[in-house]
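J.: Quick check, what structure comes out for this input:
(2 chains)
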Amino acid sequence: MNSPRRRRDVAGVPSWLERVFGDPEERLLSLADVEGLAARAAAFARGGGETSLGATSSWAGELRWALNRATLASDRRNHELRVARTIDGARGGVVTNQIDDVSIEGAVRAAERTLHYDRTNPERIPDKPPRFDYPKTAIWSDATSGQPADERARGVQAIIAPAEQAGMVSFGFVAVQATGHAIIDPALGDSLYARYTDAQCSLTVRDAKGMGSGWAGASSYDWSRIDPHALAQRALQKCLASRNPVTIEPGRYTVILEPQAVHGLLRYVFAAAAPLTNRGAEHNPRNPFNLRDGMSKLGLQVTDSRLTIVHDPTDPDLGMVPFLDDGQPLRPITYVDHGLLANLSYMRDYALRWLHENLGFPGRLTYRMSGGSSTIDEMISTTPRGLLVTRLSNIDVLDERSTLLTGVTRDGLWLIEHGKISKAVKNLRFTESALAVLNSIEMLGSPEPVFSPREPAIVPPVKARDFSFTATIDAI
Amino acid sequence: MNTQVGDRAPVAECSRAGPQRARWWVLFHAATLALTTALTCSAQTRFAWPTRAPAYDEYDLEQCSAAVRRVRQQAAWGSRPDTVPVPVLRRAPEPLVVVNTARLCVSHDTAGAVGGTAYRTYMDLLLNGDLDSVYSRTIHDRLRKATSSEDKTRQIADAVLSLMQGRQPPRFALADALAEQLDTLAPSDREARANAFSGLLETAIELDDSAIVRRERSRTLSALNAMAADVVSNPEMSGLLALEMGYLSGAAQVVMGESVLRVQGPEAYLDSLRHAISTAVRHQGYAGTLVDSLANMGLHGGGALAPAVKAAFWFGRIDTSAAYPRKGVISLITFADQRCGENCYYAYNAVRRLKQRFGQAVEVILVTPTAGYFRQRPPLEPAAEAEVLRWYFLDFLRLPVVLAVVNTDFQTAPAPDRRRFYEEPLLYRTYGVSGVLDGHSTCVLVTRDGLILYRGDVVNDGVLMTHLVADLVAFYAAHN
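T.: Below is the predicted model:
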């Protein structure tokens, strides 16, 4: 926390301002701070029972721009205290962002008032809290937490400059955040605490006449893993190459989906494999992994046999908080193993009831999808006629059971003819099943991080046949 | 521009007043800014939790009804109604705070101003606020305006049901006064009439009030008989009606202490029940298998010998070599499951009350299955789980029972599925157990000779079951 860069960042701050807004060096509440707050909250409690406290303190720096000019620069910090009181099994809770004694006492009183709307239940007996081993995950970066505002501003200037020089307009944002997250609950036994960072950069470069658009973005827990200049060049090149698009007939095309487009489709496959309900795929006929009533497709081939999809909290490229709010640790899980459905995600109650395990697989949209090593250039060169898709947008589910989705392409769509990109084409609406795409793979690329804030994913580009486009879109 | 000497004086004055005025402007703006900042900051840092008292006079009837429910919920917080016997619970008056809320809320409404569905809400609020005289006046005003005898019958029947069913405490006097008017009316709507009287009688049975039961039984049965004439063409309705008559008759007999069980014993009671139901069904003109099946339904599972309870683990047995239910002891076999949680608290408390009243005269056998896990402690082997179940039922819940833990067989689906599929224990099939997890578990009353006297639901048939046990105990005491 004592990096020289941070010191330089605050060197110009007058001391009276520091006194008003607190020491910037202590932007996050530590575990000791939160334990102190929990002890104070417990001291204010009346009527017995238990007091639990969840605290999330965060610092966020952000810079947004539009039409090549900065529109918002912010440096925010906040505390969120979730105070909960439990008496005879009845539970009430409130949230406050004040940490002085008067406010904490007010929050405790309010929590006690709200618990009277809950029923008492002696059955919520304080059972022996389970002990878990939490995985070591990479989620903290000094480069993110210590990013000075002036460096952010200079970085954004460098991002805007190429677009401006090319006569294009740039829009986007750079955001960094550092968060301290703690849960102190007697029912959990342990005090859980994690510090994590989050960095995002997303930009769209558009032709000044609105004739072309290019996008690039990246997110990671570590700002040093994001190359804003490369993103700026990429968005600019896509914009320049996508100008003056021609209209083509909708229909079935071979498509090369860039990783961001694949991620857009995969979200809905994950929603089925890791449903946040206590109804497993076995008992939900609308779930695509439901085979028939009471049976899932576990063990059956559900995608192309080259494909493997793994959720691993210890993956150094996938930074994630190692526990959920109910104290469950994250665990590695292989969803698809060479095309076979190897595991499904269940909530804890379902896991207790059916698997007799006290851990559910948390349905987190963090995954690594792998299985190939082709490059996008190789995919293009082997395509007689097809489309290259930058990303998909406005996706809606038409049919949950078949993962039939509809949405539009955006920020760069090109026609490939005879192994080369021949021209930019106007955006198209697609109506296609995500699982069908994963079963129509011709080539699979090597995976790379995509823009997926707080739910990092490593996704390869995919070349798939017979992707269905159903309408032409005029919007660029 | 020509400048005269005399023009300079005002200019000089202006130049002196300018800085002064500017200074005041700066001071004014600085003060305004400081005040605004201070107020804003204090609002940010001194957030007060709102504790505004509700403005009942601004509430409409639906909001009033919701407010009364809220206040009732808050007043009842911490008390467990499922620990109190139904008759005691139903007789308890509304808490004063609920009465006051209802009064405050309804004070700005009048019967004339409300109509349609709001009328019923208004009348409910009058009863919640103990404004029975206003209620009575309002209902009589409305009856005077009724256009036909049928309309009047229906209104009275609705009012009687609303005064009795789910009302705390039931307004017997008001309901009875209204019901008397039904006798003077032409029987234009027999179903409404029968419903009104059934409601009165069923509430009296629920409250365990033998005086009112005695008063209401004959006219309820006659109203049901009159209704039977209308539905006799429908065999299903007719059969159900006969069953209801049998139930009302049987339950009322039990509550009034006129049961043959106490005097003549279980065999005679079962025979009487068989005969009563068969007669009632035959009276409707049906015979053969329908009569037999309805008669069996009317027996409520009674009449057969109780199969032995075969459990993998026993806790709290007095005689470890004897088969349970033991010969020579009145037994109540109840089925429970730890996953039922608080849903089963009423049943547990019914068991406690039964043991408190009858002591060693009744032996309660609580049968529970293994589930493979307890709370968040999976997986558990049967022996370990039986020990946890012993702790839960005998130590944590302190149930005065003999605990029988039945091992539930399961099959595990092959990987990667790995789910466990449990089979229903054979004992459950033998006893026809249902409703274990929703708290309406089956309970079986077994005589000293091992004869099933009654199979029912602990929650719905609690009063009846207690009377049956009392009668059995009295019979055995008299015949030993």
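J.: Point me to the residue of the stretch 301-450 of chain A nearest chain B.
T.: Using Cβ to the nearest Cβ, the single residue of the stretch 301-450 of chain A nearest to chain B is residue A:356, 3.9 Å away. Backbone N, C-alpha and C define where each C-beta goes, glycine included.
J.: Surely that residue is in contact with residue B:378?
T.: Yes - using Cβ atoms under 8 Å, residue A:356 is in contact with residue B:378, at 4.1 Å.
J.: hey, what's in contact with both of the two?
T.: residue B:372 (Cβ atoms under 8 Å, 6 or more residues apart in numbering or on different chains).
J.: Between the two ends of stretch B:333-341, how far is it?
T.: Stretch B:333-341 stretches 19 Å from its first residue to its last (Cα to Cα, to the nearest Å).
J.: ok, now stretch B:322-332?
T.: Between the opening and closing residues of stretch B:322-332 lies a distance of 16 Å (Cα to Cα).
J.: That stretch: which residues count as buried?
T.: Buried residues in stretch B:322-332, defined by neighbour count with 16 or more other Cβ atoms under 10 Å in any protein chain shown: B:324, B:325, B:326, B:329, B:330, B:331, B:332.
J.: Show me how the record splits chain B into domains.
T.: As given by automatic domain parsing, the domain ranges for chain B are B:56-298, B:313-478.
J.: Specify which member of the buried residues of stretch B:322-332 is nearest to chain A.
T.: residue B:332 (23.1 Å).
J.: what helices or strands is the host helix or strand of that closest one leaning on?
T.: Take DSSP states H and E as the rule and residue B:332 turns out to sit in strand B:330-335. Applying 3 or more Cβ pairs under 8 Å, 6 or more residues apart in numbering or on different chains; DSSP states H and E, we find strand B:330-335 packed against helix B:345-358, strand B:362-369, helix B:426-431, strand B:442-446, helix B:462-478.
J.: report the angle between the axes of the shortest one and helix B:345-358?
T.: Translated: strand B:442-446. Between the axes of strand B:442-446 and helix B:345-358, defined by axes from the mean of the first three to the mean of the last three Cα atoms, to 10 degrees, the angle is 20 degrees.
J.: And the second one, by the same measure?
T.: Following the same axes, to 10 degrees, one obtains 150 degrees for the angle between strand B:362-369 and helix B:345-358.
J.: what's the spacing between strand B:362-369 and its chain's center?
T.: On the basis of Cα atoms, centre = their mean, to the nearest Å, strand B:362-369 sits 24 Å off its chain's mean C-alpha point.
J.: quick one: contacts of the following helix or strand past that strand?
T.: Toward the C-terminal end, the helix or strand that comes next after strand B:362-369 (DSSP H and E) is helix B:382-390. Helix B:382-390 is contacted from outside by B:312-313, B:315, B:338, B:368, B:370-374, B:377, B:380, B:403, B:405, B:407, using Cβ under 8 Å, 6+ apart.
J.: could you redo the last one with a cut-off of 6 Å?
T.: Helix B:382-390 is contacted from outside by B:313, B:315, B:368, B:370, B:374, B:405, B:407, using Cβ atoms under 6 Å, 6 or more residues apart in numbering or on different chains.
J.: likewise stretch A:355-366?
T.: Taking Cβ under 6 Å, 6+ apart as the criterion, the residues outside stretch A:355-366 that touch it are A:130, A:270, A:274, A:276, A:311, A:318, A:320, A:324, A:328, A:333, A:345-348, A:351, A:455-456, B:372-373, B:376, B:378-379, B:418, B:420.
J.: ChimeraX command to pick out the buried ones of the residues you listed?
T.: To isolate the buried members of the contacts of stretch A:355-366 in ChimeraX, using 16+ other Cβ under 10 Å:
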select /A:130,270,274,311,318,320,324,328,333,345,346,347,348,351,456 /B:372,373,378,420
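J.: In helices, which of the contacts of stretch A:355-366 fall?
T.: Helix and strand membership here follows DSSP state H; of the contacts of stretch A:355-366, those in helices are A:270, A:348.
J.: show me where chain B has strands.
T.: In chain order, chain B shows strands spanning B:313-315, B:330-335, B:362-369, B:402-406, B:410-412, B:420-422, B:442-446, B:452-457, with DSSP state E as the criterion.
J.: Walk me through which strands the last one pairs with, and which way each runs.
T.: Based on DSSP bridges, the pairing partners of strand B:452-457 within the sheet are strand B:442-446 (antiparallel).
J.: How far off centre is the strand it pairs with?
T.: Counting by Cα atoms, centre = their mean, strand B:442-446 comes out at 21 Å from the chain centroid.
J.: any idea how far the residue in the stretch 201-350 of chain A that chain B sits nearest to is from residue A:411?
T.: Nearest residue of the stretch 201-350 of chain A to chain B: residue A:298, at 4.6 Å (Cβ to the nearest Cβ). The spacing between residue A:298 and residue A:411, counted by Cβ to Cβ, to the nearest Å, is 37 Å.
J.: Which positions in the stretch 201-350 of chain B make contact with chain A?
T.: Where proximity means Cβ under 6 Å from any Cβ of the partner chain, the interface of the stretch 201-350 of chain B facing chain A comprises B:341, B:342.
J.: Kindly recompute the last result at 10 Å.
T.: When proximity is defined as Cβ under 10 Å from any Cβ of the partner chain, the stretch 201-350 of chain B approaches chain A at B:338, B:339, B:340, B:341, B:342, B:343, B:344, B:345.
J.: sorry, back to before: okay, the strands of chain B in a markdown table with distance to residue A:431 and mean pLDDT next?
T.: Putting the strands of chain B into a markdown table (distance: least, Cβ to Cβ, whole Å; pLDDT from 0 to 100) gives the following:
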| stretch | distance to residue A:431 | mean pLDDT |
| --- | --- | --- |
| strand B:313-315 | 59 | 96 |
| strand B:330-335 | 53 | 94 |
| strand B:362-369 | 50 | 95 |
| strand B:402-406 | 54 | 96 |
| strand B:410-412 | 41 | 89 |
| strand B:420-422 | 39 | 87 |
| strand B:442-446 | 53 | 91 |
| strand B:452-457 | 53 | 86 |
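J.: From chain A, how far off is residue B:106?
T.: Residue B:106 sits 23 Å away from chain A, taking Cβ to the nearest Cβ, to the nearest Å as the criterion.
J.: Tell me if I'm right that that residue and residue B:130 touch.
T.: No - Residue B:106 is beyond contact range of residue B:130, at 11.0 Å (criterion: Cβ atoms under 10 Å).
J.: more neighbours, those two?
T.: Neighbours per residue (other Cβ atoms under 10 Å in any protein chain shown) separate residue B:106 from residue B:130, with residue B:106 holding more: 26 against 17.
J.: show me what contacts the more buried one?
T.: Remark: with contacts taken as Cβ atoms under 10 Å, 6 or more residues apart in numbering or on different chains, residue B:106 is in contact with B:56, B:59, B:61, B:64-65, B:68, B:114, B:121-126, B:128-129, B:131, B:134.
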